[in-house]
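Student: this one's sequence-less:
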C-alpha cells in the first residue's frame, strides 16, 4: 500500500494521547467519587450494567477517528476492477503438427473448439483479434466484438508447414499496439530481426543491409499495460521467423502481458508421418520464458479438457484489471459506520425511561 500524502500519518500519534487522556480522566473520576460519605441511598436506584459497556462507545469513537486520520494520508492500493474495455489477441499455431491425434479428435480441432468457447464466454466489453502462424504469421481477423466473425476466422484456419512463433507474437503485438511500429514485412523475411536468433542458428539474413533493432524508447514496466493482452498457443518448436524470446522482450518493454499455452503431449505424431514426432513436441521452455519475461502466466494442456479449463481461467482474468486506486473513501465509510454504532449503543444502553 502506498500513500499520496504520507505526512498525514503523523496525525495518528494523537490517538494514543487521546487514549491516555481518557484513562487519566477515568481514574480522576474514581478518586473524586470516594470523597462522598455513602452511596447506600442511591445504589438501589442505579441501573445494573456491565462495567465494560461504558468504555465501548469511546473505544468505537477512537477507532473511527483513527480511520479518518489514516484516510487523510490518501492510501492507494492495487485492486481488481471491472475493465472499461479490453483488447485480446489470440495468436494460434496452425502448423501441420496440429494434425497430431494425441488429443482427440486432433490438436487443431480441440484448439478451435476451446478457442470458440472462450470467445463466446467473454463479456461485451472485450474485443478480440485473431492471428495465425505457421511458416509465417498473418492477421486472420481484425479486432472486433463480433463473435460470429471471430468464430468464422477460427474455423477457417489453414494448416501449413513451419512454426514462426516469434513472428506470430509480433503480428499480435503490432495489432494490439500499432504505435509499436514493427515493420512486419521485414520481420517475416527475417531482415529486421535477423540478429535476434543468431544464438540458435536461425533467422539470419545473408543480404542484411544493416543491423536494426526494434524501437525500445519509452520503455514501460513489464505487465503495466491493462487495456489488452496476448494469448499465444503453440504445440511445436519454432523453425523459422523472429526469435520469440526477443519478441517477448519487445512486448514486455511496452507493458504487454503474453499468456502462453503449451498444447499437446510428447507422443504426438502427424498421421502418415511417423518421423515427425520431434516437430510435434512443444517447446515448453521457450513458452515459459515468454510468459515470465512479460509478467504473465504459462499453462500446459495435454487434452481438450485441460485447454477448456485454461481458457475459462483466462476469461475470468480478463474481465477484471488491476489498477492503482485511492481507497480513502473506504476508510471514511468504515469510520462513519463506527460512529453510528457508537451512537446507537449509547442510546440503547443509557436510554432514560
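Tutor: Perfect, I can see it now. Quick caveat: nothing in here was measured; it's all calculated off a predicted structure.
Student: from here on, contacts and neighbour counts on C-alpha atoms
Tutor: Will do.
Student: lowest average confidence, helix or strand, in this structure?
Tutor: When each helix and strand of the chain is scored by mean pLDDT, DSSP states H and E, helix 184-189 comes last, with a mean of 60.
Student: past it, which element shows up next along the chain?
Tutor: Next in sequence after helix 184-189, counting helices and strands by DSSP states H and E, comes strand 228-234.
Student: tell me the gap between that following strand and the middle of its chain.
Tutor: Averaged C-alpha coordinates place strand 228-234 at 13 Å from its chain's average position (C-alpha atoms, centre = their mean, to the nearest Å).
Student: got the angle between whatever helix or strand comes next after that strand and strand 228-234?
Tutor: Following strand 228-234 in sequence order, the next helix or strand is helix 244-253 (DSSP H and E). Put simply, helix 244-253 runs at 170 degrees to strand 228-234, going by axes from the mean of the first three to the mean of the last three C-alpha atoms, to 10 degrees.
Student: what packs against the helix or strand just after helix 244-253?
Tutor: For helix 244-253, the succeeding helix or strand toward the C-terminus, using DSSP H and E, is strand 258-263. Under the contact definition 3 or more C-alpha pairs under 8 Å, 6 or more residues apart in numbering; DSSP states H and E, strand 258-263 sits against strand 228-234, helix 284-293, strand 298-301.
Student: ok, and what's touching strand 258-263?
Tutor: Strand 258-263 is contacted by residues 107, 229-235, 248, 251, 282-284, 287-288, 290-291, 294-303, 307 when judged by C-alpha atoms under 8 Å, 6 or more residues apart in numbering.
Student: for the chain, which segments count as helices?
Tutor: 14-33, 56-71, 107-121, 147-155, 165-176, 184-189, 244-253, 284-293, 304-319, 328-349 (DSSP state H).
Student: let's have those in a markdown table, adding mean neighbour count and distance to residue 6.
Tutor: Compiled in a markdown table, the helices of the chain are given as follows (neighbours: other C-alpha atoms under 10 Å; distance: least, C-alpha to C-alpha, whole Å):
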| stretch | mean neighbour count | distance to residue 6 |
| --- | --- | --- |
| helix 14-33 | 11 | 16 |
| helix 56-71 | 19 | 9 |
| helix 107-121 | 20 | 43 |
| helix 147-155 | 17 | 48 |
| helix 165-176 | 27 | 37 |
| helix 184-189 | 17 | 47 |
| helix 244-253 | 23 | 31 |
| helix 284-293 | 21 | 33 |
| helix 304-319 | 17 | 32 |
| helix 328-349 | 16 | 13 |
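Student: wait, which of these is closest to residue 90?
Tutor: Among those, helix 165-176 comes nearest to residue 90, with 7.5 Å by C-alpha to C-alpha.
Student: and that closest one, how far out from the chain middle?
Tutor: With C-alpha atoms, centre = their mean, you get 20 Å for helix 165-176.
Student: helix 284-293 and that one, what's the angle between them?
Tutor: Going by the same axes, to 10 degrees, helix 165-176 makes 30 degrees with helix 284-293.
Student: next, the angle strand 258-263 makes with helix 165-176.
Tutor: Using the same axes, to 10 degrees: helix 165-176 against strand 258-263 is 140 degrees.
Student: pLDDT of helix 165-176, averaged?
Tutor: Mean pLDDT, helix 165-176: 93.
Student: same question, stretch 331-347
Tutor: 88.
Student: equivalent analysis for stretch 304-312, please.
Tutor: Rounded mean pLDDT across stretch 304-312 is 85.
Student: tell me where the stretch 1-150 of the chain is predicted with low confidence.
Tutor: Counting by pLDDT under 70, the stretch 1-150 of the chain has low-confidence residues at 29-51, 78-84.
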